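Peer 1: structure of the sequence below:
(chains A, B and C)
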Amino acid sequence: MQGYIGKRIGMSILSLFMLVTVAFFLTRMMPGSPFQNGNVSEDILRSMEREYGLDKPVTEQYQTYLKNLLHGNLGVSFKKPEVTVTEVIARTWPITASLGGLAILTAAFFGTVFGIWQASSKRLIVKGGIFLGTMLGTGIPNFVVGLLLMLFFGVRLKLFPIAGLTSPQSYILPVISLAVYPSAVIARLVQNTFRVEMERDYVTMARAKGIGFRQTALTHILKNAWIPVLNYIGPAAAFLLTGSFVVESIFTIPGLGREFVNSIGNRDYTMILGLTVFMGITVIVINLFTDLLSAWLDPRIRRSLR
Amino acid sequence: MKALYRGNFLLMMGTILLAVLILLAVLVPAFSSYSYQAQDVNIQNSSSSFLHIFGTDKFGRDIFVRVWYGTRISLLVGIGSALICGALGILYGSIAGYAGGKADIILMRLADVIDSIPSLLYVILIMLVLGSNVGSILLGICISGWIELSRVVRGEVMRLKNQEFCIAARMAGATPGRILRRHLLPNGLGPVIINVTFLVPKAIFTEAFLSFVGVGISAPAASLGTLIQESRSQMLVYPTQMLYPVLVLCTLILSMNLIGAGLERKAGL
Amino acid sequence: MSVLCVQDLSVQFHDRHAKGETVRGVTFTVEPGEIVGIVGESGSGKSTAMQAILGLLPERAEIRCRKLILEQEDITPPCNTKSGRQEQKAYEKRMEKIRGKHISMVFQDPLTYLNPTVKIGRQITEVIRVHNRTCSRNKAKERALELLDMVGIRQPARRLTQYPFELSGGMRQRVAIAIALACQPKLLIADEPTTALDVTVQGQILQLLKRISKETGTSVLFVSHDLGVIASICSRVIVMQNGKIIEEGTTEEIFWEPRQKYTKELIDKASHLQEPSDKEEYREPLLSVEHASKQYLVKSRWNLKGDKSAVEDVSFHIYKGETFGLVGESGCGKTTLAGMITGMHQLTGGGIQFKGKPLVQMDRQIQMVFQDPYASLNPRMTIQETLEEPLLINTKLSLEERNQKIGELLEMVGLSLKDGGKYPRAFSGGQRQRIGIARALILEPELIVCDEPVSALDISTQEQILEILEQIQRERQISTLFISHDLSVVKRISHRMGVMYGGRMVEVGNTRSIYEDPWHPYTKTLLSAILTPDPRIARKRRGMWKVEELRGELASDTGCPFAPRCGYAMECCHTQRLETYSFEEREIACFLYSKEYTGRRSHDYKMSSQI
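Peer 2: Numbers count the residues shown, from 1 in each chain, chains lettered A, B, ... in the order given. Below you'll find the predicted structure:
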């Protein structure tokens, strides 16, 4: 197991390094100076660039950036020099993380329930209904879901607040907008694997042992059917982070995503770079953990790695 | 062909929907008397009428034409990226799968590294560097879009290459190229086509997302995402301006998903 | 009073998955304590009938049954086309209490029938606790230990915490039997329980079932296609064909005085396989394998774990025109050896000479016939295309010449050129195997390697394929390396044979003389495990092992791989390097035949079996 963990961590570090490198050089290649603002004179521009270290060769800037990154320092915002990127992340991350965490829990719960229901029900209306639901769930972009929910439940029915994140109720609409797509994906995954697993010989064996369907489903099938879902958590995290861009700006939630979209609008390069790196790291770390966990869950792999 | 559609409601629905959408996207902008970018101050925010089927936007542009023009861009991005990613994925996957051993490990690890970073972040950075046009969207999507497909192709090639009929062909002296062409790819085509089909809605999704965030196709050209984003400011007053592009976008993605699911069911996966 | 009484049971499938395997009006009874055999070829409906009794068939199966009685309890399934959901549900509820408690079942392949991700212990205690809700966890565990001990598993406590994939095939089947016996059922249905096992392990499992039936008084319904197995274990036999029972009687009646033509044919074919054919001798070596070894890097999913030899120091010859049989259990290295000869695997030691020249890579003169008739033909190519491919690559024949050649070969294997335009899915398993043979012959090779060519086929089809192979060997003088785990098939077709165990060739010699007088202890074990389709001979066999076989895990790296299982093992067998000794036509790798053991021998000393 240690060998595998080591290898997997090594891979993650390589990914991180690549992410930082690519993101850094792409940001440096972006057109225009970040300080170009029409009425700024040449001299001021120069001095500002010097202050931020932009007059040095790119490779040297890169080394400085890497060094700072290791200390957890992601630089200073170009547009608002009074805040550092790290501060912004510290302020916005808890909000985005709580939204994303709630969304993934919701998705895992509803996805599993509907997936099993669709796979085990004999009624055509249940099967077809859930299938249609998953089709729509994967077919409607999350910003559309967000806008429609807001329009209908927030504006027309006035059931939920439409902006900010002040009360528990204000979590509901953004979390739903984020959770629709992953719920549909998880439902499909669970349904697929569940249907395949139900055809397996060991399920016949369980029936031949006199074990009821419910117990068979819970103790035998679910364990095998959940491994693909676990592998999906990594991509789901990536989806939720990028999904937070639109959902947070629709519902005006002061989270990481809105900050990112704003900094794109402002062309605030250090902020874009810093947030990209941070989100990339988050996803890579989540991927690492779910990989290790699913390796641990499958006894065949666990034993072979001892 | 007939056998493909028989008793396959999903596939049939998907194909019909897609065909209708493609027809409209091609014909409407070509034959309409309005241009997608011509502004007209006299008819701002008019509602649906016989002249302007979907009404006009805040600059007086005909939404009907703009929506189908946007569909064109979405289709272009979707199908274009599916073709590019499909070619890349098949090539990469079959090389890795057929070579096996060290070469396979290195190639697949490389793919893992690229894949572990959320691709939307890349795409946004690339859009900022190269400007907002269809080319850079395609480039951005294709950087990591082929990886999942290459894994599928690799898996199929690995599974099939040790099948007895492939061994027999090798023993008869068939070259790797011939084995790939005659024996491996025809038999592994099912899952590959299904995965290529799923690349299309993904790309359309990405494009709409980018336009919505503000780094997509720039004005006055319009994609479906841009249209939705533009109508957002007037969402409360003129909700229909948003509704039309939303409907078309969802139908488009749905039709591709239906085709994919139909093929999947056909293949018995 | 009968344990089970089945009256007029019919099953019909209602969709495209149906392979014609239906059951038509089956009626029989099972008395307490008896072992009833149900025999028939694949597709005769025997397994379907068993699953219908337990109500395990999927819903698309339509079941009709006049009466199904377990002791006094009526467990007749409702006719599912007429009855409502409620009735179905009630039946399912009732059956849940019957299954595993009063009637239990053992299936063919324990690897797929045990859940791979649930520990053995849990899979046993589960059935105990579901039928006896008051049973505590610890009580159930105690009972599980007792059961494992009863089915002859060593270290039962350790096994409880292991997963199915950590056990050998024989052990898994023992676990499956333990699960079936957990609630002391009145009836045990065993559906081909030994088909997936090696022949020596098969013997152990049969002994176990017999012993358990005797000790606990459990009745057994034993389903098998193998007449030898049926003869050795059953007291009464039911013969099925096309979903119907065509004959029923005591084992002696069925085997000695079969009334039906079909039964007679089955028994004849099975006995025919037992007889060795007389073959002339060939003396010109075509292929010589010399001290060939193959070591694998054993890889788990992510890391290397060192190397393991699949084939070690194997030497033998194949003469021009002869058929050389190679037997051994699964995992003994015979398929790897075939791969080395066909050039698919690289050797890691030793060499192979073909026609006097070292064989370095694939040679067109060596072709292969594969095991699985469904995987050996490309489903997207017509038969014509499949057969044409080797000609297109290797020859410059014109279209007519190619077609003529293809037609000639198709006729030789009993098909015609008309079949050339069809795709493989239009053919049955036996026909596909014929096409596979035609493909192997199309380049006119001098050696064909047949890797288990008949083990996926029914007994009547087996016979046809063997006849074709013999005819080819006679007419074309093509040498054949015939690999099989089935001793009777090898006995039937080969002139000379080799026996492999644990990657070593332990004995080589004339087929006839090896069968009459095996020298190596392993060969003797193998031969004594063959089940003859004759109840008198089959029942005489005594139990060899009471407990699970000891696997090679205990074998040291040096020394004889068979030593841990060998009754004759000496000190040197475990420690010294094994050598091969030659005596006239016989070659043997066993210390019993070494100079040190047999002492100094005079020049004309004639070696004979030491066991």
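Peer 1: any weak-confidence spans in chain A?
Peer 2: Along chain A, segments meeting pLDDT under 70 span A:1, A:32-41, A:51-53, A:300-306.
Peer 1: now it against chain C: closest residue?
Peer 2: Across chain A, the shortest distance to chain C (CB to the nearest CB) belongs to A:G210, at 3.5 Å. Where C-beta positions appear, they are placed from N, C-alpha and C, glycine not excepted.
Peer 1: got the phi and psi for that residue?
Peer 2: phi 90, psi 20 (degrees, to the nearest 10).
Peer 1: for it, give its distance to chain B.
Peer 2: A:G210 sits 31 Å away from chain B, going by CB to the nearest CB, to the nearest Å.
Peer 1: so who does that residue touch?
Peer 2: Contact analysis of A:G210 by CB atoms under 8 Å, 6 or more residues apart in numbering or on different chains lists C:95-101, C:127, C:130-131.
Peer 1: for chain B, what's its nearest residue on the stretch 201-306 of chain A.
Peer 2: For the stretch 201-306 of chain A, CB to the nearest CB, closest residue to chain B: A:A238, 3.8 Å.
Peer 1: in the helix or strand hosting that residue, what's buried?
Peer 2: Using DSSP states H and E, A:A238 falls within helix A:227-250. Under the neighbour-count criterion of 16 or more other CB atoms under 10 Å in any protein chain shown, helix A:227-250 has A:227, A:229-250 buried.
Peer 1: now narrow those residues to whatever sits close to chain C.
Peer 2: When CB under 8 Å from any CB of the partner chain is applied, no member of the buried residues of helix A:227-250 is adjacent to chain C.
Peer 1: just to revisit the earlier point, helices or strands up against the helix holding A:A238?
Peer 2: helix A:85-120, helix A:142-149, helix A:169-198, helix A:256-266, helix A:269-297, helix B:119-130, helix B:185-213 (3 or more CB pairs under 8 Å, 6 or more residues apart in numbering or on different chains; DSSP states H and E).
Peer 1: try 7 Å
Peer 2: Applying 3 or more CB pairs under 7 Å, 6 or more residues apart in numbering or on different chains; DSSP states H and E, we find helix A:227-250 packed against helix A:85-120, helix A:142-149, helix A:169-198, helix A:256-266, helix A:269-297, helix B:185-213.
Peer 1: how deep is residue 50 tucked in, by neighbour count?
Peer 2: Went with chain A since none was named. 11 (other CB atoms under 10 Å in any protein chain shown).
Peer 1: looking at chain C here, not the other one
Peer 2: 21.
Peer 1: show me what contacts the closest residue to it other than its chain neighbours?
Peer 2: The shortest distance from C:M50 to any non-neighbouring residue, by CB to CB, 6 or more residues apart in numbering or on different chains, is to C:I189 (5.1 Å). C:I189 makes contact with C:50, C:103, C:105, C:221, according to CB atoms under 7 Å, 6 or more residues apart in numbering or on different chains.
Peer 1: pull up the residues of chain C that are close to chain A.
Peer 2: C:54, C:56, C:96-97, C:99-101, C:104-105, C:107, C:112-118, C:126-127, C:130-131, C:163, C:165-166, C:179, C:300-303 (CB under 7 Å from any CB of the partner chain).
Peer 1: please redo it, this time with the cut-off set to 6 Å
Peer 2: C:56, C:96, C:99-101, C:105, C:112-113, C:115, C:117, C:127, C:130, C:163, C:165, C:300, C:302-303 (CB under 6 Å from any CB of the partner chain).
Peer 1: for ChimeraX, write the selection for the buried entries among those residues.
Peer 2: Selecting only the buried entries of those in ChimeraX, with 16+ other CB under 10 Å as the criterion:
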select /C:56,96,99,100,101,105,112,113,115,117,127,130,163
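Peer 1: now intersect the residues of chain C next to chain A with the helices, please.
Peer 2: The helices, defined by DSSP state H, take in C:96, C:112-113, C:127, C:130 from the residues of chain C next to chain A.
Peer 1: farthest-separated two in those residues?
Peer 2: Within those, two members stand farthest from each other by CB to CB: C:E96 and C:T112, at 22.2 Å.
Peer 1: low pLDDT regions in chain C?
Peer 2: Within chain C, the ranges that satisfy pLDDT under 70 run C:15-21, C:80-83, C:272-281, C:297-308, C:540-558, C:598-606.
Peer 1: what does the domain assignment say about it?
Peer 2: Following automatic domain parsing, one gets these domains for chain C: C:4-246, C:285-527.
Peer 1: how about those domains, which one is nearest B:I84?
Peer 2: Ranking the domains of chain C by proximity to B:I84 (CB to CB) places domain C:285-527 first, at 26.4 Å.
Peer 1: distance to A:V145 added to the domains of chain C, as TSV?
Peer 2: Below are those laid out as TSV (distance: least, CB to CB, whole Å):
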stretch	distance to A:V145
domain C:4-246	36
domain C:285-527	39
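Peer 1: and B:A203, which of the ones you listed is closest to it?
Peer 2: Among these, domain C:285-527 comes nearest to B:A203, with 29.7 Å by CB to CB.
Peer 1: hmm, that closest one touching chain B?
Peer 2: Yes. Using CB under 6 Å from any CB, we find that domain C:285-527 touches chain B at C:362, C:368, C:370, C:375-378, C:380, C:390, C:393-394.
Peer 1: quick check, the residue in the stretch 51-200 of chain B closest to chain A?
Peer 2: For the stretch 51-200 of chain B, CB to the nearest CB, closest residue to chain A: B:P118, 3.8 Å.
Peer 1: who touches that residue in this structure?
Peer 2: Counting by CB atoms under 6 Å, 6 or more residues apart in numbering or on different chains, B:P118 touches A:238, A:242, A:283.
Peer 1: just to revisit the earlier point, beta partners of the residue nearest to C:M50?
Peer 2: C:M105, C:L221 (DSSP bridges).
Peer 1: neighbouring contacts of stretch C:346-362?
Peer 2: By CB under 6 Å, 6+ apart, the surrounding residues in contact with stretch C:346-362 are B:171, C:287-295, C:340, C:343.
Peer 1: buried ones only from the residues you listed, please, as a PyMOL command.
Peer 2: Buried subset of the contacts of stretch C:346-362, written as a PyMOL selection, criterion 16+ other CB under 10 Å:
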select buried, (chain B and resi 171) or (chain C and resi 287+288+289+292+293+294+295+340+343)
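Peer 1: taking the contacts of stretch C:346-362, tell me the two that lie furthest apart.
Peer 2: B:M171 and C:H291 (24.6 Å).
Peer 1: in helices, which of the contacts of stretch C:346-362 fall?
Peer 2: Short answer: those in helices (DSSP H) are B:171, C:340.
Peer 1: could you look up the SS state of C:R364?
Peer 2: coil (DSSP: H, G, I helix; E, B strand; the rest coil).
Peer 1: how about the closest residue in space to it that isn't next to it in sequence, secondary structure?
Peer 2: Nearest non-adjacent residue to C:R364, counting by CB to CB, 6+ apart: C:L443, 5.4 Å away. Of the three states, C:L443 takes coil under three-state DSSP.
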